[in-house]
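Participant: Provided below for reference: sequence and predicted model.
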Amino acid sequence: MNLNIYDFYEKMERNNVLLSFKGEITSELLTSVLQIMETKMENLQEAPKIKKKVYNVLVECLQNLYHHIDEQPETDEIGAKTAMFLIAREQDGYIIVTGNYIMNESVNGMKERLDKINTLNKEELKNFYKEILSNREFSSKGGGGLGMIDIARKSGQKLGYSFVPVNDSHSFFYLNIKIRQTEDEKEIQ
Amino acid sequence: MEEIKIEATPKTPKVFFNAEKGHVEIRGRSIPENSVEFYKPLLDWLERYGQGPQPKTNVEIQLEYFNTSSSKCILDVFKKLEEIFKKGNTQMQINWYYEEDDEDMLEAGEDYETIVNIPFNKISIQEA
């Protein structure tokens, strides 16, 4: 294996990675990860406000992966059913990063939705959320597109994202969410 | 009518629905991957309750976390209650509890309040 494990470790250490995972996303995995993160934040004595925000955003990010991967074809040479995520603690807040394969034909639609969300301010996001919640039919599994709006609302930040072309059928979708600590929370510490 | 009593799990809330007491209570975390599966029996129960509700129906909702997949199901619960309330045979109030500094949960309550036509009472509680 052409991987320097110390280099790998050192990079994670330098970027304050609390937890990272690559593999198949199952319901049991999500339950464990959420429990681990809750304990970690407890041990870091985070203020309740940021703890809640991180937990909420994490739930949406991870469940996005879970539902999205379900839509991927069963057999695939690039392992489209696996994904990755990592959670890091920076000086001024938390970073949640997810990465997963997406069909090339879905890229444009996804990009449009994310761009639209990124143009909206707090009030507009609230209205958009309510509009979808009250008017549209949901699929039996997902939140009908509410997830990303909720992430934007709760994090109070623009959604960072990019798409990396992989092959004829797939791209890799990377989402980067920052949850900032507010000034009064910093003072508590 | 059979009551519904479900204990909380890490991803699903505690539920207590009792027709004789006119009591509808959901407490805890609602973050299952598949919310429809969890909420379906609750909606069915409310449908039956609506056929002969008590003069007063107490609705107590105290959520610590809920995911967007649950948000639609929670709205469905409120819509079902609204149908019952509109028939005029029961007094109703939704008590929506949120932890003191949990602005997101307060806002979520406000979101529902503007969509659902039932008297909505938002109650701040001390953190556990």
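Facilitator: Good, I have the coordinates.

Participant: and the gap between the closest residue to chain A within chain B and B:Phe38?
Facilitator: At 3.2 Å from chain A, B:Thr68 is the closest residue in chain B, using CB to the nearest CB. In short, each C-beta sits where N, CA and C put it, glycine included. Computed as CB to CB, to the nearest Å, the B:Thr68 to B:Phe38 distance reads 14 Å.

Participant: more neighbours, those two?
Facilitator: More crowded of B:Thr68 and B:Phe38, by other CB atoms under 10 Å in any protein chain shown: B:Thr68, with 27 against 19.

Participant: so A:Leu175 sits in a strand?
Facilitator: Yes. According to DSSP: H, G, I helix; E, B strand; the rest coil, A:Leu175 belongs to a strand.

Participant: quick check: the most centrally placed residue in chain A vs B:Thr57, distance?
Facilitator: For chain A, the residue nearest the mean C-alpha position is A:Cys61 (3.2 Å; CA atoms, centre = their mean). Separation of A:Cys61 from B:Thr57 (CB to CB): 37 Å.

Participant: same question, B:Ser71
Facilitator: Taken as CB to CB, the span from B:Ser71 to B:Thr57 is 22 Å.

Participant: next: A:Gln45.
Facilitator: Here the criterion is CB to CB. By it, A:Gln45 lies 42 Å from B:Thr57.

Participant: ok, which stretches of the chain are helices?
Facilitator: Here I'm looking at chain A. Ranges of helices in chain A, per DSSP state H, are A:5-14, A:27-43, A:48-70, A:104-119, A:122-135, A:146-155, A:183-188.

Participant: that answer is for a different chain, and I need it for chain B
Facilitator: Listed in chain order (using DSSP H), the helices of chain B are B:35-49, B:68-86, B:103-115.

Participant: quick one, grab the pLDDT at the residue nearest the centre of chain B.
Facilitator: In chain B, the residue lying closest to the centroid (CA atoms, centre = their mean) is B:Ile61, at 4.8 Å. Confidence at B:Ile61, expressed as pLDDT, is 98.

Participant: report the beta-bridge partner residues of it.
Facilitator: B:Ile26, B:Trp96 (DSSP bridges).

Participant: in this structure it contacts B:Asn95, no?
Facilitator: Yes. In this structure, B:Ile61 is within contact of B:Asn95 by CB atoms under 8 Å, at 6.8 Å.

Participant: contacting residues around the residue of chain B positioned farthest from its centre?
Facilitator: Centroid-distance maximum for chain B: B:Asp101 at 21.1 Å, with CA atoms, centre = their mean. Taking CB atoms under 8 Å, 6 or more residues apart in numbering or on different chains, we find B:Asp101 in contact with A:48-49, B:127.

Participant: what sits against A:Glu24?
Facilitator: Under the criterion of CB under 8 Å, 6+ apart, the neighbours of A:Glu24 are A:69, A:81-82.

Participant: and it, bridged to which residues?
Facilitator: For A:Glu24, the beta-bridge partners are A:Thr82 (DSSP bridges).

Participant: how near is it to chain B?
Facilitator: Using CB to the nearest CB, to the nearest Å, A:Glu24 is found at 14 Å from chain B.

Participant: looking at the helices of chain B, which is buried most?
Facilitator: helix B:68-86 (a mean of 21; mean count of other CB atoms under 10 Å in any protein chain shown).

Participant: what packs against that helix?
Facilitator: helix A:122-135, helix A:146-155, strand B:23-30, helix B:35-49, strand B:56-66, strand B:91-99, helix B:103-115 (3 or more CB pairs under 8 Å, 6 or more residues apart in numbering or on different chains; DSSP states H and E).

Participant: ok, 6 Å please
Facilitator: The contact analysis (3 or more CB pairs under 6 Å, 6 or more residues apart in numbering or on different chains; DSSP states H and E) places helix B:68-86 against helix A:146-155, helix B:35-49.

Participant: got the contact list for the longest one?
Facilitator: Right, the one you point to is helix B:35-49. With contact meaning CB atoms under 6 Å, 6 or more residues apart in numbering or on different chains, helix B:35-49 is reached by A:140, B:4, B:12, B:17, B:19, B:32, B:69-70, B:73, B:76, B:80.
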